[in-house]
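K.L.:
Fold the following and give me the result.
(3 chains)
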Amino acid sequence: MSIEQSNSGVEPQQAQMGGQETIPTAVAVELAQIRKEIAELRAQVLEDRAALIVFSGDLDRSLAAFVIATGAAAAGLKTTIFFTFWGLSIIKKKNRASVSKRDLMQKMFAMMTPSSSKALGVSKMNYFGIGAAMLRAMMKKQQVSSLEELIALARELGVQMIGCTMSMDIMGIDKDELFDGIELGGVAAFVEEASRARVFLLI
Amino acid sequence: MSIEQSNSGVEPQQAQMGGQETIPTAVAVELAQIRKEIAELRAQVLEDRAALIVFSGDLDRSLAAFVIATGAAAAGLKTTIFFTFWGLSIIKKKNRASVSKRDLMQKMFAMMTPSSSKALGVSKMNYFGIGAAMLRAMMKKQQVSSLEELIALARELGVQMIGCTMSMDIMGIDKDELFDGIELGGVAAFVEEASRARVFLLI
Amino acid sequence: MSIEQSNSGVEPQQAQMGGQETIPTAVAVELAQIRKEIAELRAQVLEDRAALIVFSGDLDRSLAAFVIATGAAAAGLKTTIFFTFWGLSIIKKKNRASVSKRDLMQKMFAMMTPSSSKALGVSKMNYFGIGAAMLRAMMKKQQVSSLEELIALARELGVQMIGCTMSMDIMGIDKDELFDGIELGGVAAFVEEASRARVFLLI
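P.N.:
Presented below is the predicted three-dimensional model:
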């Protein structure tokens, strides 16, 4: 804000004495400099936003991502999730027929990757022997929200969801295979945006 | 910039008149506005804190978490670690009998997950064929602190440790199975706190 | 602090003389206080830098790391990558003979870990059955930059790369096994630096 602006609307309530200016020039110079420095600081201060890159497509890590995202949104941060690579499986529609324009490798890839959030595995599945079904059953018994319920909650809270176009190209995934309302975008643009967010996590 | 500097080159052109104090109203209005803007900025600036969510229960990732946490604490950041999911294994007491109120799935889960930090595996164990024992031996030979030594160092440095209540409910883990001095808390509250920290990492 | 407070204790020593204005002492005191507060804020504001800890040595995660790093650098952030643990494999020179001073465990470790970026596996290889060769072929078909091209781009963009000395000691990796121009450093120093960066991610 310039000095002129900040004075506008302020009634001159001071007794002018001998035609004097109410803000001495030397003070005005100082104030202008201070305002410039404050504007510079303001441009540097991070915004009330949370940005998550979800790279993993494991059920357990997806749960962590959505618990964090809904927590951030509930705390008043404008929250965005960028789904890339294996993470795209989380936002795939169920029972969506694979598109015909896929090449052979993309078809193989689609067969080998989860068809939707319902089909996600657990990151430690082979190692600890615990399966996604067991984890889901344990969560249900404790009345903890399922991944699908957390995704729905995230949407209610206005969490923005973006699919990574580069990953979609590589894997041959079409926009209409993803949930309705998913936006598409590139990593570089997301990173630039995310670098201004208070929270920036990769999962 | 000091006052002396900022005034340098400005001729003293003022003097005293009747002992009257002199912040002109227009200047006071400016100063009040500037103070308000500074207060707003201050509320936006992140705090000298580090927040880590430890989701992984792998030995190698746990080591990374504690090396980062002790580094952050040594650098003067108030540091907090939130242990969730597999990460809870890191802060389990050794040889702690499993509690009786666990249901069948929770008992199975407890049998399949590491009983303490001593029992953690390595994330690449199966893939590269390297085991936790080999990593521990290599670290010892190079006189690198063990995980248990790093945990002790973290406690000495005042690193706060919190166990995730939701994960504990799901897995049927009791507070008295965890190290003494571990606090309990929810993800949402931790994320809100962490969003004000200069460092916020998920491991 | 209110204006009234900041004036308390300051003797009114200035007034107006002959219509000439400069900076009244009371105003100067206010301005000095404001400048001090701005300087404090400036010290707290994060810098236009991005810091990445690359812990993983998987091809897919390495790709994510370099896509993010080059994106951050292109967005004008001074970007640094710290390679630790499995991540060191990414910056190993190809066909570099193993050094003779390795002990038996370090030799075994070197045989079991990737010899260069060309030899990296995919994090989900065993689980989804997709191999690194398949991923590379799919990327090439879509004309997406390979990992090696992204590494070259990162260097062109001035991304700083640091090898973790502690990991190198444990694994018995020499500086001359790594790419030329890689700096060496410790985790603690990196974390302290990174805590002042706008972006700080662990991959």
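K.L.:
which ones are touching the residue in chain A positioned nearest to chain C?
P.N.:
Residue nearest to chain C within chain A: residue A:24 (3.3 Å; Cβ to the nearest Cβ). C-beta here means a position set from N, CA and C on the backbone, and glycine is covered the same way. Taking Cβ atoms under 8 Å, 6 or more residues apart in numbering or on different chains, we find residue A:24 in contact with B:24, B:27, C:21, C:22, C:23, C:24.
K.L.:
On the three-state scheme, the nearest residue to residue A:175 once chain neighbours are set aside is what?
P.N.:
Once flanking residues are discounted, residue A:175 sits nearest to residue A:184: 6.2 Å by Cβ to Cβ, 6 or more residues apart in numbering or on different chains. Recorded secondary structure, residue A:184: strand (DSSP: H, G, I helix; E, B strand; the rest coil).
K.L.:
From the rest of the structure, what touches stretch A:160-169?
P.N.:
A:78-85, A:87-88, A:91, A:154-155, A:173-175, A:178-179, A:181-187, A:190, C:67, C:142, C:144.
K.L.:
Quick check: end-to-end length of it?
P.N.:
21 Å (Cα to Cα, to the nearest Å).
K.L.:
Show me the longest helix that occurs in chain A.
P.N.:
helix A:25-44 (DSSP state H).
K.L.:
For the following helix or strand past that one, buried residues please.
P.N.:
Counting by DSSP states H and E, the next helix or strand C-terminal to helix A:25-44 is strand A:47-54. By 16 or more other Cβ atoms under 10 Å in any protein chain shown, the buried positions in strand A:47-54 come out as A:49, A:50, A:51, A:52, A:53, A:54.
K.L.:
From the residues you listed, list the ones also adjacent to chain C.
P.N.:
For chain C, the contacts drawn from the buried residues of strand A:47-54 by Cβ under 8 Å from any Cβ of the partner chain are residue A:53.
K.L.:
which residues of chain A fall in strands?
P.N.:
Assigned by DSSP state E, the strands in chain A fall at A:47-54, A:78-83, A:160-164, A:183-185, A:197-202.
K.L.:
Return the list of strands paired to the shortest one, each annotated with direction.
P.N.:
The one in question is strand A:183-185. strand A:160-164 (parallel) (DSSP bridges).
K.L.:
and what of the last one?
P.N.:
Strand A:197-202 has the following sheet partners, assigned by DSSP bridges: strand A:47-54 (parallel).
K.L.:
got a pLDDT number for the one residue sitting closest to the centre of chain A?
P.N.:
In chain A, the C-alpha nearest the mean C-alpha coordinate belongs to residue A:80, at 1.7 Å (Cα atoms, centre = their mean). On pLDDT, residue A:80 comes in at 98.
K.L.:
I figured it hits residue A:47, correct?
P.N.:
No. Residue A:80 is beyond contact range of residue A:47, at 11.4 Å (criterion: Cβ atoms under 8 Å).
K.L.:
what's the overlap in contacts for those two?
P.N.:
With Cβ under 8 Å, 6+ apart, residue A:80 and residue A:47 have common neighbours residue A:197.
K.L.:
what residue ranges in chain A are flagged as low confidence?
P.N.:
Within chain A, the stretches with pLDDT under 70 are A:1-21, A:95-100, A:124-130.
K.L.:
Quick check: the gap between residue A:82 and residue A:165.
P.N.:
Noted for residue A:82: a distance of 11 Å to residue A:165, by Cβ to Cβ, to the nearest Å.
K.L.:
Next, show the common contact partners of these two.
P.N.:
Contacts common to residue A:82 and residue A:165, judged by Cβ under 8 Å, 6+ apart, are residue A:185.
K.L.:
Who has more neighbours out of those two?
P.N.:
More crowded of residue A:82 and residue A:165, by other Cβ atoms under 10 Å in any protein chain shown: residue A:82, with 26 against 16.
K.L.:
what residues are up against that one?
P.N.:
By Cβ under 8 Å, 6+ apart, the neighbours of residue A:82 are A:51, A:52, A:53, A:54, A:162, A:164, A:185, A:187, A:190, A:194.
K.L.:
Over to residue A:53?
P.N.:
When contacts are counted by Cβ under 8 Å, 6+ apart, residue A:53 touches A:81, A:82, A:84, A:87, A:190, A:194, A:201, A:202, A:203, C:64, C:68.
K.L.:
Turn those into CSV, columns for distance to residue B:149.
P.N.:
As requested, the contacts of residue A:53 are arranged in CSV below (distance: Cβ to Cβ, whole Å):
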residue, distance to residue B:149
A:81, 37
A:82, 38
A:84, 37
A:87, 36
A:190, 39
A:194, 35
A:201, 28
A:202, 28
A:203, 29
C:64, 32
C:68, 33
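K.L.:
Show me which of those is closest to chain B.
P.N.:
Lowest distance from chain B to the contacts of residue A:53 (Cβ to the nearest Cβ) belongs to residue A:201, with 5.0 Å.
K.L.:
Check the burial of the closest one by counting its neighbours.
P.N.:
The burial count for residue A:201: 26, using other Cβ under 10 Å.
K.L.:
I figured it was touching residue A:68, is that so?
P.N.:
Yes. Contact criterion Cβ under 8 Å: residue A:201 and residue A:68 qualify, at 6.8 Å.
K.L.:
Now do the shared contacts for those two.
P.N.:
A:50, A:52, B:202.
K.L.:
In a markdown table: those residues, plus distance to residue A:34.
P.N.:
Listed next are those as a markdown table, based on distance: Cβ to Cβ, whole Å:
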| residue | distance to residue A:34 |
| --- | --- |
| A:50 | 32 |
| A:52 | 37 |
| B:202 | 39 |
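K.L.:
Next, count neighbours for the residue lying closest to residue A:52 once chain neighbours are set aside.
P.N.:
Distances taken as Cβ to Cβ, 6+ apart put residue A:81 closest to residue A:52, at 4.7 Å, once the chain neighbours are dropped. Number of residues near residue A:81 (other Cβ under 10 Å) recorded here: 28.
K.L.:
is residue A:81 in a bridge, and if so with what?
P.N.:
Judged by DSSP bridges, the bridge partners of residue A:81 are residue A:52, residue A:161.
K.L.:
and the gap between it and residue B:38?
P.N.:
From residue A:81 to residue B:38 the distance is 34 Å (Cβ to Cβ).
K.L.:
And for residue A:197?
P.N.:
Relative to residue B:38, residue A:197 is positioned 23 Å away (Cβ to Cβ).
K.L.:
Which one of these two is surrounded by more residues?
P.N.:
Counting neighbours by other Cβ under 10 Å for residue A:197 and for residue B:38 shows that residue A:197 has the greater number, 23 against 18.
K.L.:
so what's the more buried one up against?
P.N.:
Residue A:197 sits in contact with A:46, A:47, A:49, A:50, A:51, A:77, A:80, where contact means Cβ under 8 Å, 6+ apart.
K.L.:
need the contact list for the nearest residue to it once chain neighbours are set aside.
P.N.:
Closest residue to residue A:197 apart from its sequence neighbours, by Cβ to Cβ, 6+ apart: residue A:49 at 3.9 Å. Neighbouring residues of residue A:49 by Cβ under 8 Å, 6+ apart: A:77, A:78, A:79, A:80, A:196, A:197, A:198, A:199.
K.L.:
which residues of chain A fall in helices?
P.N.:
Going by DSSP H, chain A shows helices at A:3-7, A:25-44, A:59-74, A:104-112, A:125-128, A:132-141, A:147-156, A:165-171, A:187-194.
K.L.:
can you tell me if the second one touches chain B.
P.N.:
In this case it means helix A:25-44. Yes. Contact of helix A:25-44 with chain B (Cβ under 8 Å from any Cβ) involves A:26, A:27, A:30, A:31, A:34, A:35, A:38, A:41, A:42.
K.L.:
tell me which of these is nearest to residue A:122?
P.N.:
Using Cβ to Cβ, residue A:42 comes nearest to residue A:122 of the residues of helix A:25-44 next to chain B, at 44.3 Å.
K.L.:
wait, residue A:65 sits on residue A:81?
P.N.:
Yes. In this structure, residue A:65 is within contact of residue A:81 by Cβ under 8 Å, at 6.8 Å.
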